[in-house]
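S.K.: what follows is a protein structure lacking sequence information:
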């Protein structure tokens, strides 16, 4: 069973700070990773994806992938109260699989 | 942008009823998925489909069935609704292996 693990939080950061969300995965063959944001009562929304080792930046968001250590992280710079949500990490469920395995999510609270 | 549309945002049914949840996507995606999401349990895959008339069981298929007669539409059926099927139901679609899943808005189903 492929696993994706996240710290459930809650993670609290002050407004304007950097929020760091982490995710580890068990399948060394995983090649793509996705970060979703989910507001309370809403459905998950894709915010970032990363395929290669290193960093990928999109606005205030940076995804970091380290395949050797099997972790992927999401950094949110200049955190805003509107970033308060649960963040889900996901990876393919196995080689050739179209399914994704999701972590249980980290709840982020940005304090004004 | 990918659009995944679920037929109802909120639904209330009675135990023993047969319940249909409908999902339509507009991007000609091959793969479609049904999940349920419960507090503390994360996203759990019920069924998925990789082509018309094709279906595969996910992690929790008991009490559910699915139908995919057309590529754009994937229906989830609760054969005889029970109170433990009260949950948020999420439909998603995706194209290729390394592509993200795109979610609909979700249906919050209550079984009384």
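M.R.: Here it is on my side, so go on. Note that the structure is predicted; figures quoted are calculated from it, not measured. Numbers count the residues shown, from 1 in each chain, chains lettered A, B, ... in the order given.

S.K.: tell me if stretch B:68-83 is near chain A.
M.R.: No. Where contact is defined by C-beta under 8 Å from any C-beta of the partner chain, no part of stretch B:68-83 touches chain A; the two come within 13.5 Å at best. For every residue, glycine as well, the C-beta is placed using N, CA and C.

S.K.: quick one: contacts of that stretch?
M.R.: Contacts of stretch B:68-83 from elsewhere in the structure, counted by C-beta atoms under 8 Å, 6 or more residues apart in numbering or on different chains, are B:13-26, B:28-30, B:32-34, B:46-47, B:49, B:51-55, B:63-67, B:85, B:89, B:91, B:93, B:111-112.

S.K.: check these against chain A, which are close?
M.R.: When C-beta under 8 Å from any C-beta is taken as the criterion, the members of these that contact chain A are B:30, B:33.

S.K.: which ChimeraX command selects the buried ones in the contacts of stretch B:68-83?
M.R.: In ChimeraX, selecting the buried portion of the contacts of stretch B:68-83, with burial taken from 16 or more other C-beta atoms under 10 Å in any protein chain shown, looks like this:
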select /B:13,19,21,22,23,24,25,29,32,33,34,46,47,49,55,64,66,67,85,89,91,93,111
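
S.K.: just the ones of the contacts of stretch B:68-83 in strands?
M.R.: If you go by DSSP state E, the contacts of stretch B:68-83 have B:13, B:19-25, B:32-34, B:46-47, B:49, B:51, B:54-55, B:64-67, B:89, B:91, B:93, B:111 in strands.

S.K.: show me where pLDDT drops low in chain A?
M.R.: A:1, A:95-96 (pLDDT under 70).

S.K.: cool, thanks, talk later.
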